[in-house]
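Undergrad: sequence plus the predicted model coming up.
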Number of protein chains: 2
Amino acid sequence: MSSRLGEDALIARYFAPYAGPAALGLRDDAALLSPPPGCDLVLTTDALVAGVHFFADDPPQSIARKALRVNLSDLAAKGARPLGFLLSLALPPDWTEPWLDAFAAALGADGADYGCPLAGGDTVKTPGPLTLSITAFGAVPAGRMATRTGVKPGDRLYVTGTIGDAAIGLKIRQGRGPAIPHAEREFLIGRYLEPQPRTSLAPAMAEHAHGGMDVSDGFVGDLTKMLAVSKVSARTLVYRVPLSSAARAAIAVDPGLFVVALTGGDDYEILAAVAPSSAAAFEAEAAAAKAPVTCVGEAFEGRDPPSFVGPDGGVMTFAQGSYSHF
Amino acid sequence: MSSRLGEDALIARYFAPYAGPAALGLRDDAALLSPPPGCDLVLTTDALVAGVHFFADDPPQSIARKALRVNLSDLAAKGARPLGFLLSLALPPDWTEPWLDAFAAALGADGADYGCPLAGGDTVKTPGPLTLSITAFGAVPAGRMATRTGVKPGDRLYVTGTIGDAAIGLKIRQGRGPAIPHAEREFLIGRYLEPQPRTSLAPAMAEHAHGGMDVSDGFVGDLTKMLAVSKVSARTLVYRVPLSSAARAAIAVDPGLFVVALTGGDDYEILAAVAPSSAAAFEAEAAAAKAPVTCVGEAFEGRDPPSFVGPDGGVMTFAQGSYSHF
């Protein structure tokens, strides 16, 4: 037995400054939320383990941002505006005050930036690696959540931003990347370390998308998964998949990185399936939201896995469509 | 890189059978909830680590029940009816299919029994100990959540059930318990292993309680904490604290266990602060809900910590009011 003061003092010192109104000052056992009228709630949770999902010596700010942003990415893909999050944090024996200070401050800053404040949580100790789990919740107009199962034949398939940066960035970080200029290496590594969730696209997703998911495990695998659970097929033009100039530079040096880009994951971009009649409005709203979208294919009736048409017009096949942390 | 099939197949096999409607068959990235009209939502999260919060070789059913029920206990203390939960599960390298099967089945059965089905989650691997975090959410009539900070001068202080069984049960489990009959030992150990959340008391809490919290870290410490954040004082008659016949038998053999009972924690009973004008109705509704309550004291204006009046009329002091896992 020892005094519980340890955990309470820790919460009061490190986390209470960043608590939102739902958190009741983090002095209660629970968070309180008055759901916005006319909305459904979307809830998502992601767990991250040191040594599995990030490096234990990654900057605490990066770990905090990644943990929150992978959840924000899920909410955006569903068309939901973030409302808040709960944090479960298991600290290893060697945690330090400066580490926790930096971690909590980065989490607090991201919560403020994305309108998704800390609403509650639990802090425990672990003899194992640092483990954290964030549950984020958001609001979507009732009946408008973009589901994974909602893709319809005829839908245009869109992806936001650029694909593959993080996967190539991870290779560079592991010392297995191509020789490209410093600025481009840093850009790609940054894309791996700190996802940029497409929160601004949420209203357009709720308004226009039949189907949606974020790309976390690889473009090819995630698209295949969404189409399978939607029970539709598709034709995808992989030469249309948007690549950053840094990714293009890397692929120019090492052409094998093209497949890495398509399958590697950690993109946290959004896949959206939109009816042709809504396509123009969706594209315009996405551009206005600074979340540019690219049409990469079209869904059609059928149960075959999607085909991926390569730059030469031939169909590409992938031994492994996606990355698994499991 | 390896196929993501691993995690998807695992979820489909072990968890999808127990998924509630909010889970969308566990084929989406998120859970979808239509909040009940006129209600606030209460969200709570608790993390458990093998070797810290339970023994790694505890039965998987007990681990599952404890993980869910500690959250259900929080919801009940806030006056909230459970709606569902999200599970974050980090599996160690030596996990087995029979273990996961038993774990998921027990979680599913409890979800059904308590009206709190699985709504989503995340499953990852860890090189460390089994770690799980459950986020449960429930509904309370708008504005009626029983908060930790809501105790008012004059309120009667109630506790449900009996106090100290789990703390004494843990001692027995650790081979440090008193010599009492087998049936009583088993009862006390069972109270440690499998909390019985007071879900049936939630309506009465929402209707009548100014303040509420569950007793997880010890009666003395938790009551002290609730009064401190409510900025009131209290007089508590510890000889009124309800004890089971098994706990009384244990204390008769080893009188030092009385303090263990009052401070040891893992009770998952509810502390409620109720205005005198509501006391009769609260007691009647609690009895009807089969969650009997005992009045153990009264709050009054002041900032002093509560006093604890012992069996002999003298004031008891406690070196350590509560247990901390941290």
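TA: Arrived safely.
Undergrad: just the strands in the stretch 151-300 of chain A please.
TA: Secondary structure of the stretch 151-300 of chain A (DSSP state E, counting those that start in this stretch): strands at A:156-160, A:209-215, A:233-237, A:269-274, A:293-300.
Undergrad: just the pLDDT for the residue in the stretch 51-200 of chain A positioned nearest to chain B.
TA: Nearest to chain B in the stretch 51-200 of chain A, going by Cβ to the nearest Cβ, is A:G128, at a distance of 1.9 Å. C-beta: built from backbone N, CA, C; applies to glycine. On pLDDT, A:G128 comes in at 97.
Undergrad: before we move on, which element is it in?
TA: If you go by DSSP states H and E, A:G128 is not part of any helix or strand.
Undergrad: surely it touches B:K125?
TA: No - A:G128 is beyond contact range of B:K125, at 11.7 Å (criterion: Cβ atoms under 8 Å).
Undergrad: who has more neighbours out of these two?
TA: The neighbour comparison of A:G128 against B:K125 (other Cβ atoms under 10 Å in any protein chain shown) goes to A:G128, with 24 against 20.
Undergrad: not counting its neighbours along the chain, what's nearest the more buried one?
TA: Nearest non-adjacent residue to A:G128, counting by Cβ to Cβ, 6 or more residues apart in numbering or on different chains: B:G128, 1.9 Å away.
Undergrad: so the one you found is in contact with A:K125, correct?
TA: No - counting by Cβ under 8 Å, B:G128 stays clear of A:K125, with 11.7 Å between them.
Undergrad: show the contacting residues for the residue of the stretch 151-300 of chain A found nearest chain B.
TA: Distances between the stretch 151-300 of chain A and chain B by Cβ to the nearest Cβ are smallest at A:V229, namely 4.6 Å. By Cβ atoms under 8 Å, 6 or more residues apart in numbering or on different chains, the contact set of A:V229 is A:R148, A:T149, B:R27.
Undergrad: any idea how far A:I134 is from the residue nearest to A:G128?
TA: For B:G128, the distance to A:I134 equals 18 Å [Cβ to Cβ, to the nearest Å].
Undergrad: correct me, but A:M226 touches A:M213?
TA: Yes - counting by Cβ under 8 Å, A:M213 is a contact partner of A:M226 at 5.2 Å.
Undergrad: overlap in contacts of the two?
TA: A:R148, A:L271.
Undergrad: about what we covered before: closest one of the contacts of A:V229 to A:G314?
TA: A:R148 (28.8 Å; Cβ to Cβ).
Undergrad: report the separation between A:A142 and A:G265.
TA: Taking Cβ to Cβ as the measure, A:A142 falls 32 Å from A:G265.
Undergrad: most tightly packed of the strands of the stretch 151-300 of chain A?
TA: Of all the strands of the stretch 151-300 of chain A, strand A:269-274 has the most neighbours on average by mean count of other Cβ atoms under 10 Å in any protein chain shown, namely a mean of 30.
Undergrad: name the helices or strands packed onto it?
TA: Here strand A:269-274 touches helix A:60-77, strand A:156-160, helix A:202-208, strand A:209-215, helix A:219-230, going by 3 or more Cβ pairs under 8 Å, 6 or more residues apart in numbering or on different chains; DSSP states H and E.
Undergrad: what is the mean pLDDT for the first one?
TA: Averaged over helix A:60-77, pLDDT sits at 96.
Undergrad: ok so, going back, neighbour count winner among A:A142 and A:G265?
TA: For A:A142 versus A:G265, neighbours defined as other Cβ under 10 Å are more numerous around A:G265 (28 against 13).
Undergrad: make sure the more buried one is actually in contact with A:D214.
TA: No - with contact defined as Cβ under 8 Å, A:G265 does not count as touching A:D214 (10.5 Å).
Undergrad: what sits in contact with each of these two?
TA: A:D222.
Undergrad: what does the stretch 101-250 of chain A have sitting close to chain B?
TA: Listed as neighbours of chain B in the stretch 101-250 of chain A under the rule Cβ under 8 Å from any Cβ of the partner chain: A:119-129, A:131, A:133, A:135, A:137, A:142, A:145, A:147-149, A:213-214, A:217, A:221, A:225, A:229.
Undergrad: the residues you listed, buried ones only, as a PyMOL selection?
TA: Entered in PyMOL, the line below selects the buried ones among those, by 16 or more other Cβ atoms under 10 Å in any protein chain shown:
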select buried, chain A and resi 119+120+121+122+123+124+125+126+128+129+131+133+135+137+145+147+148+149+213+214+217+221+225+229
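Undergrad: now do the contacts for the nearest residue to A:D28 once chain neighbours are set aside.
TA: Of all residues not flanking A:D28 in the chain, B:R148 sits nearest, at 4.6 Å (Cβ to Cβ, 6+ apart). Residues counted as contacts of B:R148 (Cβ under 8 Å, 6+ apart) are A:L24, A:R27, A:D28, A:D29, B:G211, B:G212, B:M213, B:K225, B:M226, B:V229, B:S230.
Undergrad: can you do 7 Å?
TA: A:R27, A:D28, A:D29, B:G211, B:M213, B:M226, B:V229, B:S230 (Cβ atoms under 7 Å, 6 or more residues apart in numbering or on different chains).
Undergrad: break down chain A into its helices, ranges please.
TA: With DSSP state H applied, chain A shows helices at A:5-10, A:60-77, A:97-113, A:165-173, A:182-193, A:202-208, A:219-230, A:245-253, A:257-263, A:276-288, listed in chain order.
Undergrad: closest to A:P153 out of those?
TA: helix A:219-230 (9.4 Å).
Undergrad: next, the angle from that closest one to helix A:60-77.
TA: Inter-element angle recorded for helix A:219-230 and helix A:60-77: 40 degrees (by axes from the mean of the first three to the mean of the last three Cα atoms, to 10 degrees).
Undergrad: helix A:219-230: how far from the chain's middle?
TA: 16 Å (Cα atoms, centre = their mean, to the nearest Å).
Undergrad: next, the angle from that helix to strand A:209-215.
TA: On the basis of the same axes, to 10 degrees, helix A:219-230 is oriented at 140 degrees to strand A:209-215.
Undergrad: so helix A:219-230 versus strand A:233-237, what angle?
TA: Using the same axes, to 10 degrees: helix A:219-230 against strand A:233-237 is 160 degrees.
Undergrad: for helix A:219-230, output the C-alpha coordinates as CSV.
TA: Provided in CSV are the C-alpha atoms of helix A:219-230 (Å, rounded to 0.1, in the frame of the first residue of the first chain):
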residue,chain,number,x,y,z
PHE,A,219,-3.3,2.2,-49.6
VAL,A,220,-3.7,-1.1,-51.5
GLY,A,221,-4.7,-3.2,-48.5
ASP,A,222,-7.0,-0.6,-46.9
LEU,A,223,-8.8,0.0,-50.2
THR,A,224,-9.1,-3.7,-50.8
LYS,A,225,-10.6,-4.1,-47.2
MET,A,226,-13.1,-1.3,-47.7
LEU,A,227,-14.3,-2.7,-51.0
ALA,A,228,-14.6,-6.2,-49.6
VAL,A,229,-16.8,-5.2,-46.6
SER,A,230,-18.8,-3.0,-49.0
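Undergrad: now do the buried residues in that helix.
TA: By 16+ other Cβ under 10 Å, the buried positions in helix A:219-230 come out as A:F219, A:V220, A:G221, A:D222, A:L223, A:T224, A:K225, A:M226, A:L227, A:A228, A:V229, A:S230.
Undergrad: give me the angle between that helix and strand A:156-160.
TA: In terms of direction (the same axes, to 10 degrees), helix A:219-230 departs from strand A:156-160 by 140 degrees.
Undergrad: what angle separates helix A:219-230 from strand A:269-274?
TA: 40 degrees.
Undergrad: show me what the mean pLDDT comes to for helix A:219-230.
TA: pLDDT averaged over helix A:219-230 gives 95.
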